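**Q** Coordinates only, no sequence provided:
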């Protein structure tokens, strides 16, 4: 059984503890099986493109940015709690532009 989150070619052995079914997750890494999903260059380009959107949400705007992004896709983000402040309208517009440009959101139809 190959483990997606481990290095390529990692195989579980009898000495490894059995996987905890409560911790099973779908592998969402773009480089999990690059030869099957993408070429290495396509996987690298996709990963580099996703970094900008990820940084916009987690580094630049943090929790308020994550809540705003969730609301943009129709999920409940909830109110921010002190000492954090909600993102302003200008920040929301900038966040939407970044997430659309980087592929997190579909391009608007013109």
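**A** Here it is on my side, so go on. Everything quoted here is computed from the prediction, not taken from an experiment. Residues are numbered from 1 along each chain as shown.
**Q** now for the helix or strand containing residue 65, which elements pack on it?
**A** With elements taken from DSSP states H and E, the one containing residue 65 is helix 62-72. Packed against helix 62-72, as judged by 3 or more CB pairs under 8 Å, 6 or more residues apart in numbering; DSSP states H and E, are the following elements: helix 89-101. In short, each C-beta sits where N, CA and C put it, glycine included.
**Q** Which strands and helices lie in contact with the helix it packs on?
**A** Using 3+ CB pairs under 8 Å, 6+ apart as the contact criterion, the elements in contact with helix 89-101 are helix 40-55, helix 62-72.
**Q** Buried residues in that helix, which are they?
**A** Within helix 89-101, the residues that count as buried by 16 or more other CB atoms under 10 Å are 91-92, 94-96, 98-99.
**Q** Let's test this: mean pLDDT of that helix, rounded?
**A** In this model, helix 89-101 has a mean pLDDT of 91.
**Q** that older thread, going by mean pLDDT, which of the helices and strands packed on helix 89-101 comes out lowest?
**A** Per-stretch averages of pLDDT across the helices and strands packed on helix 89-101 put helix 40-55 at the bottom, with a mean of 81.
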